[in-house]
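K.L.:
Have a look at this prediction, sequence included:
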Amino acid sequence: MPLWIFRISALIGMPFLVYMFVSKDYYSIMLALLCGTIIIAAEHFVHNLKFVSIMIAIFGAMLGFMIYFLCDYAVYKMNVYDISEYWKIYKVAAAGILCVLGAALSISKASELEGINKKGRHIKIVDISALIDGRIIDLCETGFLEGTVVLPHCIVDKLNIMASSKDQLEKARGRRGLDIVTRLRDLKDIRVTTTAKDVKGENPAEHIVALAKYFGGSVVTIDFNINKTAVLHDVPVLNISDLTTALKPVVLPGESMSLFIMKEGKEADQGIGYLDDGTMVVVEEGRKWIGKRAEVAVHSILQTSAGRMIFAKTKQQAAGAQQ
């Protein structure tokens, strides 16, 4: 509420003060209204900035002013009449432009200049496989992944190289990864930053794990090799594939379900269907149901390294077996 009072006061108050105490001229009033609008825009801009970003902007403006001071000193030392006269006319404008330019460039790079000032489990180092996979966006948007998501510069650089590849598959993977990076940076409910921290690693897997170990955080990946490397170095791993497997619906032997039989299986008279999560269901004597929906009963479940496989029988077959 106080902010709205300030904004209304700036927008209405400045033209009113100019009208009452300065000039009743139309252009003066419009200029005061423009100044009030600029003040509101500046307040809104600063209000949305972090304190660290504001300090970085001030530092950038000071650097811009130092460049102006060096230029002024150089003109003074040259002592060339034409240059000196020209500089006298435009030096105030040059000072303003350099200060604003320094502040603007600093703010644009603020996320990189801020760095990661706190280490801990809230740091999530994202691997290239997780970016190409894309499900990390859903985890962030639903709030299952929180803290600070860190994108290493080497990963982003690798995605840029892949996106420029002549191989169409690699190019598509690289572009998808870059698209996920852009969408992550657009998220408002989670902090996303980058790091150029250089750590020792003989291969990409060890580099990512060493980075997570340095920051005291965890690795977000779907890569099996990185998962194993992280476990060996006692680094926590958030494996999206493991999470997907853990969230698959529980199906118990004897449970009935309605299943659409899509195709024939490897054995005679077998039919193949899939659950909503992609789990394959092998239906004995389900070949005649291909292209149709059948009521099936689960009789066994096989867990393999490639995933889970369910074996079922049609209700008619199961009833006949019981008789």
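P.N.:
Now that the structure is in, tell me what you want to look at. Numbers count the residues shown, from 1 in each chain.
K.L.:
Report pLDDT for residue 121.
P.N.:
pLDDT, residue 121: 79.
K.L.:
Quickly find the element holding the one residue sitting closest to the centre of the chain.
P.N.:
The centre of the chain sits closest to residue 184, judged by Cα atoms, centre = their mean, with a distance of 1.7 Å. Using DSSP states H and E, residue 184 sits in helix 168-186.
K.L.:
what angle sits between the very next helix or strand once past that helix and helix 168-186?
P.N.:
Next in sequence after helix 168-186, counting helices and strands by DSSP H and E, comes strand 191-195. In terms of direction (axes from the mean of the first three to the mean of the last three Cα atoms, to 10 degrees), strand 191-195 departs from helix 168-186 by 120 degrees.
K.L.:
partner strands of strand 191-195, parallel or antiparallel?
P.N.:
Strand 191-195 has the following sheet partners, assigned by DSSP bridges: strand 148-152 (parallel).
K.L.:
sorry, back to before: identify the residue spatially nearest to the residue nearest to the centre of the chain, adjacent ones excluded.
P.N.:
residue 192 (4.9 Å; Cβ to Cβ, 6 or more residues apart in numbering). Backbone N, C-alpha and C define where each C-beta goes, glycine included.
K.L.:
Report the beta-bridge partners for the one you found.
P.N.:
residue 149.
K.L.:
distance of it from residue 123?
P.N.:
12 Å (Cβ to Cβ, to the nearest Å).
K.L.:
tell me, what's touching the two both at once?
P.N.:
Counting by Cβ atoms under 8 Å, 6 or more residues apart in numbering, the shared contacts of residue 192 and residue 123 are residue 148.
K.L.:
ok, these two, which is more surrounded?
P.N.:
Shown here are residue 192 and residue 123; by other Cβ atoms under 10 Å, residue 123 has more neighbours (22 against 18).
K.L.:
for the nearest residue in space to the more buried one that is not next to it in sequence, what are its contacts?
P.N.:
With sequence-adjacent residues excluded and distances taken as Cβ to Cβ, 6+ apart, residue 123 is closest to residue 217, at 2.8 Å. With contact set as Cβ under 8 Å, 6+ apart, residue 217 has these partners: 119-125, 147, 150, 236.
K.L.:
From the residues you listed, pick the one nearest residue 40.
P.N.:
Distances from residue 40 to those, taken as Cβ to Cβ, are shortest for residue 147 (34.4 Å).
K.L.:
Contact partners for the closest one?
P.N.:
So residue 147 contacts 121-124, 190-191, 217 (Cβ under 8 Å, 6+ apart).
K.L.:
wait, what's in contact with the residue nearest to the centre of the chain?
P.N.:
Counted by Cβ under 8 Å, 6+ apart, residue 184 has contacts 136-137, 140, 149, 151, 192.
K.L.:
Sort out which of those residues are buried, if you could.
P.N.:
Using 16 or more other Cβ atoms under 10 Å as the burial test, the contacts of residue 184 include 136-137, 140, 149, 151, 192 as buried.
K.L.:
Where does residue 281 sit: helix, strand or coil?
P.N.:
Put simply, residue 281 is strand when judged by DSSP: H, G, I helix; E, B strand; the rest coil.
K.L.:
residues contacting it?
P.N.:
259, 272-275, 296, 309-312.
K.L.:
please redo it, this time with the cut-off set to 7 Å
P.N.:
259, 273-275, 310, 312 (Cβ atoms under 7 Å, 6 or more residues apart in numbering).
K.L.:
before we move on, what about residue 197?
P.N.:
Residue 197 neighbours (Cβ under 7 Å, 6+ apart): 211, 214.
K.L.:
rerun at 6 Å
P.N.:
Counting by Cβ atoms under 6 Å, 6 or more residues apart in numbering, residue 197 touches no other residue.
K.L.:
so where's the stretch 151-300 of the chain uncertain?
P.N.:
For the stretch 151-300 of the chain, not a single residue meets the criterion pLDDT under 70.
K.L.:
can you give me the helices for the stretch 51-200 of the chain?
P.N.:
Shown for the stretch 51-200 of the chain, the helices assigned by DSSP state H, counting those that start in this stretch span residues 51-78, 81-108, 110-114, 128-133, 136-141, 153-163, 168-186.
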